[in-house]
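*Asks:* model the structure of this input:
(chains A, B, C and D)
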Protein chains: 4
Amino acid sequence: MHVIRIKVLKISIVSISFSPIFQYRFKKFRRWTYSSEKTLKGSGMTAVVNSYDGGGYYIDLNTTMNSSQIIINNLKNNLWIDRGTRAVFIDFTVYNANINLFCTVKLIAELPPTGGIVPSYVIRPVKLVRYNTIGDFVVLASEIIFCIFVIYYIVEEILEIKKLRCSYFKEFWNVLDIVVLLISICCIGFNIYCFLEVRKILDKVSTNPNVYVDFDFISYWQVVFNAATAIMVFFAWIKIFKYISFNKSMSQLSSTLGASAKDLGGFAIMFFIIFLAFAQLGYLMFGTQAVDFSTYSYSIFTLFRIILGDFNFQALQQANRVLGPIYFILYVFFVFFVLLNMFLAIINDTYSEVKAELADQPNDIDVAGYFKQVSKNRISVLHIRLLLCFNK
Amino acid sequence: MHVIRIKVLKISIVSISFSPIFQYRFKKFRRWTYSSEKTLKGSGMTAVVNSYDGGGYYIDLNTTMNSSQIIINNLKNNLWIDRGTRAVFIDFTVYNANINLFCTVKLIAELPPTGGIVPSYVIRPVKLVRYNTIGDFVVLASEIIFCIFVIYYIVEEILEIKKLRCSYFKEFWNVLDIVVLLISICCIGFNIYCFLEVRKILDKVSTNPNVYVDFDFISYWQVVFNAATAIMVFFAWIKIFKYISFNKSMSQLSSTLGASAKDLGGFAIMFFIIFLAFAQLGYLMFGTQAVDFSTYSYSIFTLFRIILGDFNFQALQQANRVLGPIYFILYVFFVFFVLLNMFLAIINDTYSEVKAELADQPNDIDVAGYFKQVSKNRISVLHIRLLLCFNK
Amino acid sequence: MHVIRIKVLKISIVSISFSPIFQYRFKKFRRWTYSSEKTLKGSGMTAVVNSYDGGGYYIDLNTTMNSSQIIINNLKNNLWIDRGTRAVFIDFTVYNANINLFCTVKLIAELPPTGGIVPSYVIRPVKLVRYNTIGDFVVLASEIIFCIFVIYYIVEEILEIKKLRCSYFKEFWNVLDIVVLLISICCIGFNIYCFLEVRKILDKVSTNPNVYVDFDFISYWQVVFNAATAIMVFFAWIKIFKYISFNKSMSQLSSTLGASAKDLGGFAIMFFIIFLAFAQLGYLMFGTQAVDFSTYSYSIFTLFRIILGDFNFQALQQANRVLGPIYFILYVFFVFFVLLNMFLAIINDTYSEVKAELADQPNDIDVAGYFKQVSKNRISVLHIRLLLCFNK
Amino acid sequence: MHVIRIKVLKISIVSISFSPIFQYRFKKFRRWTYSSEKTLKGSGMTAVVNSYDGGGYYIDLNTTMNSSQIIINNLKNNLWIDRGTRAVFIDFTVYNANINLFCTVKLIAELPPTGGIVPSYVIRPVKLVRYNTIGDFVVLASEIIFCIFVIYYIVEEILEIKKLRCSYFKEFWNVLDIVVLLISICCIGFNIYCFLEVRKILDKVSTNPNVYVDFDFISYWQVVFNAATAIMVFFAWIKIFKYISFNKSMSQLSSTLGASAKDLGGFAIMFFIIFLAFAQLGYLMFGTQAVDFSTYSYSIFTLFRIILGDFNFQALQQANRVLGPIYFILYVFFVFFVLLNMFLAIINDTYSEVKAELADQPNDIDVAGYFKQVSKNRISVLHIRLLLCFNK
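*Replies:* Numbering: from 1, shown residues only, chains lettered A, B, ... in the order given. Okay, here's the model as predicted:
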């Protein structure tokens, strides 16, 4: 029977970074050694209270519980965490072989100058060993096909740019193509880099299991890579609109959005001026009392959420018994009752105009035929261009 | 005095299904016997983590607590649940005589490869013994009347189809009639089947109370039957519109909906493209951190709920401190502020047009008169048709 | 110093009403006596699980704790609450002299046939002794002035009815006047009755403090009286509109509402057909699993709340993993995206028409002048009428 | 190393204010001395249950824990808090040197005549010592620049008033300028006063640390000052609109809002009549049962929140099983479905008109050029005026 083996790569690090003004004491006493961000190859991070750079005083625990306990007791007795400590980071990585996922864990305990401990965490599950099972190789095949398509489109877009020059960048769809291609190239590059880097790290771990290996960096970039992929897919969805504007009813709608874009943009500016004015008012008046208004950005989010109906009226009322509700009612009246309706008025009016305009145009070109023609054109044009290109 | 007797049909089964790759060991050791889905006459089901087929290793507990305890202890000592176990199902059925309801209970404990136990349950209260009290016989009478009506309408619709042929299926209301009739027939059929099946099962139970009887199947179909009835009733409500379009004000509104249907449909496609793009973006970017975006379908539901104002902004913010709020604000701006208003613009514009068109039509045919005429027509036409039919 | 005296009128009753089928046993054994609703002068009530009539088996506790304890122990030993018990009611009234408020408390423990205990409560704080402090006498004075006004308006309306006959009832405002007057008369009548009744009850209590006095009836009617007053005040607010339609901008709006009333009503019917269809669908499909759909009326409320964005999506999803979300999305799409916008389209269109119509009418009669004129007319007309009336 | 010193200015006062009718006893017994609001230099405040004036019986605790304990025990033995007590206030101020913030804390325990204790608190973090670190001096510099600008604009506005006289006050933007300037002057004045006052208080504290120093007054005004600043900044944001109306698309929108202001205002009155009618109805019907309707103002807030989708339907339903849901549905239907759409209809119609009007006007004056011209004008005009002014 296959035993379910949970490989736990529980190599841990306890690093404490102090705010700079407290560093010199330690340097004097030389009890602990300060390691800069460069030495640790770590990266800074933003926790709840504050941002911290990658440097600090660190110690690695052992792989056995007993020896780790001794280290921790030693730290305790020597006042490792004292009044000057601002944050304690505990970093480790676990690996679940069943589902082939690494998980980098960063537990943070901040000790702000106002007292108390503010705990937080960053947990990033990432698939670092990517090509393992049969399913993974299907993914690999898809990725290779994706690369081929990317190369094909790069060639095509370059040819088009050569032909159209500056006028190429004037059309929205072309710019979108370029953006999608650029993100694709970045993603492919990162993927290859990541593959090599992970191998190196895993080699290190297997040769010397007692040394702490920092997966933080690689997992951070994996998350960035995921976000980049997400944005690329989003743009790919948007590109569908390029091919959808045939049907008269469809084009009517997309051209309404296009025609009203300018007015909507203009009004959006006006809207956001009043919106930001309210946000600042809320931030300055209730910021010290209500969490929802404690920063300017929180204030903005809170006002957005009020429009959608998700908010904490009690907190606002408790922040200021008189001004809180007045502020709330004024905001709802001006923004929800009046301004929000302007968006509608603009779209409504533009739609009527566009519909009237389009009323006498011919209808419903068949989509299938169009696609055939386009694909034919595309391929033949590419062929000719490639020929011309290589003939030069 | 009538003593309140709670008849508890507490016949229980503990069946454990393993993921296929762990089966061979058990077959080798022959300690437990694997029963396939067919042998158990069970049906597969979907729990929280995974879907399971109906097969597995099962054992039936006894009707007395002591002997059941012995069985359970035996299972414990022989490592019935081990590392290879993926799910444990506990099935039993209770019967409350006071309110004449059976309740099939399925308690599920899933043991996913990532560790931990994920409990879930399926509780289905069903009325299996349907005709017991006087009230039930009133229901029976109604059901018989319903059957008669169904037969009447089947005859009528068949006659109409014969007369109109293909053109019959072109009208929406006729198709709706057919659908309602088909569901009705299925429901009647199921009801009869269920009545017979329940009698058979109850006979089995009363002859041998020590054997586990599976109510799972019958209760599952009872739930499906309820859903079918619900949908049928829904369509019956919709059919009211067929008779409501006389009043000018009414017809004005329904014809507005009709006229705007094409544009609304066209825009709905555009809307859902952007909507799905946002859903995918959210799924890929926040899926590993926020539960609301953990699957693609969850992501879609979450975005729907944002429009209505029911969502968890904190979770989104915690998932990604920077991209979370930006994503949220962009989504609200484009979808809630702009796109949602397009629906309104379309309806608004169509309404104006329809109202202008209808302004010079004659008004308000009296509904009562219409109904009289319709019913007269209906009956006389049916009479004639039946005569013709039987004359053939 | 004035000692703060908390007069607690803690005269209590424990009455148990059994469902009728269990009564005969008790009558046979004659251990407890059944008291009908008439004997107890109580009124029926609706708790969580069921409705109960006022009858039952009751026992009064004593004013001292010890003797009450003996009574309760006695009840326990004699199985006062047994399998046949469906509900236990504990009634008592407390009085807080500091704020001069009576509070009738009814604690209910229901024992449904399905088992378990469902607790609920009815707490009604009422001001029974109304004229005590100086502030109260100001209220009395206001009430007398109110009565005078009511008499004045009764006379006026009667005169108007005499003059205009049937055509009087055709105008909305006149009907509203009549309704307000009728409610006023009821309230005045009830107030006098209540004043007398309370005096009688308090006399009873002071002469014999050991007897349970039922404040339930009087407090119930006090609540009804409050509701009646509330509705009267609501109509009084609505009457403001009668005097507000001078300003052109105002009349423009009220006439828009008037003109669109018919279309809005027509559409409201259509809207509610679909709405009720969805409600029934939800009730039949999810009623056994989700509390929000457990009755037809709950289902209606839930769908209303979905429109406003206050609902429990998780419950719907848990009720049915597939049909739940589909139902939700279909509902939101058809009702929130499409149908709700029809209301807007109707109002929008009517507003444009009304505005165009009113564009060439004279503007802004001064309100002050109007009021002068009206009040002069009103008084002089009344004078003349009264003269005529008495001259007859 | 800099030791983190938490300077706790824990000088405390326990003042008990009795409702007036209970005062004479204490005066008779002379055990405690009543101090009026004037003697204590305190200010009244509003807690949860009631408002209290600044007077009362107070005692100061000591700086050491033991002696404070003796004082408290003494108070306990002498029945400091008795039946007549209505509220107990505990006031103290803490200072966190790390972040240079004072925090005045007021803990309130109210003992209402209905019994029980209602705790509440007022915590006001204020920065009293304003100019300490380098960052603070940057703030100081900004404040000085602000003062110079204020003086500049005062001169300019006075010159303009002199020139334009009454017609100056007719334009909205001028009035806004005046308001902003007035608030600015108040804020500057308060800031100077506060700076001096704080120095005086801190001197007092440092000379005699055993005396209770009341930061309540200064912290209260600091909060008022913050609110004033907030409102000023809000108006400053609004002023942006003055300069934004060049772009045709922008002016179109702002003139729509301007043109519809009258109609919107008129309808807002109508809307609020019905709204207030519903609020009163809710308050009178559900006020005794549901917290959300317990006062008239709460009722208003609750109805506002229903529109936005944030409310507690269960509470309403529990308050009255029948009238609650009916009230809710009627409110949603009339206010959310019908009245709210009128706002939209007004804006929509006005927008169409304004757009049609503006269609033949010249477009898009360049903003940069305008600003140049304006600033040139402004400066040169001011120069000339100042010359003229001093020449007089």
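*Asks:* specify the residue ranges that define each domain of chain A.
*Replies:* Domain assignment of chain A by automatic domain parsing yields the ranges A:5-126, A:134-243, A:256-359.
*Asks:* would you mind finding the most buried of these?
*Replies:* domain A:256-359 (a mean of 19; mean count of other Cβ atoms under 10 Å in any protein chain shown). (C-beta placed from N, C-alpha, C; glycine too.)
*Asks:* got any ranges where chain A has weak pLDDT?
*Replies:* By pLDDT under 70, the weakly predicted segments of chain A are A:1-44, A:53-56, A:62-63, A:79-80, A:82-84, A:209-211, A:245-249, A:360-392.
*Asks:* quick one: contacts for the closest residue to chain C within it?
*Replies:* Using Cβ to the nearest Cβ, the closest approach of chain A to chain C is made by residue A:309 at 4.5 Å. Contacts for residue A:309 (Cβ atoms under 8 Å, 6 or more residues apart in numbering or on different chains) come out as B:308-310, C:308-310, D:308-310.
*Asks:* residue A:111 now?
*Replies:* Per Cβ under 8 Å, 6+ apart, neighbours of residue A:111: A:81, A:85-88, A:117-118.
*Asks:* Serialize those to CSV and add fields for secondary structure and distance to residue B:353.
*Replies:* Formatted as CSV, the contacts of residue A:111 follow (DSSP: H, G, I helix; E, B strand; the rest coil; distance: Cβ to Cβ, whole Å):
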residue, secondary structure, distance to residue B:353
A:81, coil, 74
A:85, strand, 72
A:86, strand, 67
A:87, strand, 65
A:88, strand, 69
A:117, coil, 66
A:118, strand, 61
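*Asks:* hmm, back to that, give me the phi and psi for the residue of chain A closest to chain C.
*Replies:* phi 90, psi 20 (degrees, to the nearest 10).
*Asks:* where do the helices sit along chain A?
*Replies:* A:23-29, A:37-40, A:65-77, A:134-164, A:172-207, A:216-244, A:248-286, A:296-308, A:313-319, A:323-331, A:340-358, A:367-391 (DSSP state H).
*Asks:* gap between the fifth one and the chain center?
*Replies:* Just to be clear, that refers to helix A:172-207. 16 Å (Cα atoms, centre = their mean, to the nearest Å).
*Asks:* that one vs chain B: in contact?
*Replies:* No: contact of helix A:172-207 with chain B is not found when judged by Cβ under 8 Å from any Cβ of the partner chain; the minimum separation is 12.0 Å.
*Asks:* nearest residue to the middle of chain A?
*Replies:* residue A:227 (4.7 Å; Cα atoms, centre = their mean).
*Asks:* quick one on the thing from earlier: rebuild the helices of chain A as a markdown table, extending it with distance to residue B:143.
*Replies:* Below are these laid out as a markdown table (distance: least, Cβ to Cβ, whole Å):
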| stretch | distance to residue B:143 |
| --- | --- |
| helix A:23-29 | 85 |
| helix A:37-40 | 77 |
| helix A:65-77 | 70 |
| helix A:134-164 | 52 |
| helix A:172-207 | 60 |
| helix A:216-244 | 50 |
| helix A:248-286 | 46 |
| helix A:296-308 | 47 |
| helix A:313-319 | 51 |
| helix A:323-331 | 55 |
| helix A:340-358 | 50 |
| helix A:367-391 | 50 |
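*Asks:* wait, what's in contact with the residue in the stretch 1-150 of chain A that chain D sits nearest to?
*Replies:* Residue of the stretch 1-150 of chain A nearest chain D, by Cβ to the nearest Cβ: residue A:113 (3.5 Å). Taking Cβ under 8 Å, 6+ apart as the criterion, residue A:113 is in contact with A:86, D:4, D:96, D:98-99.
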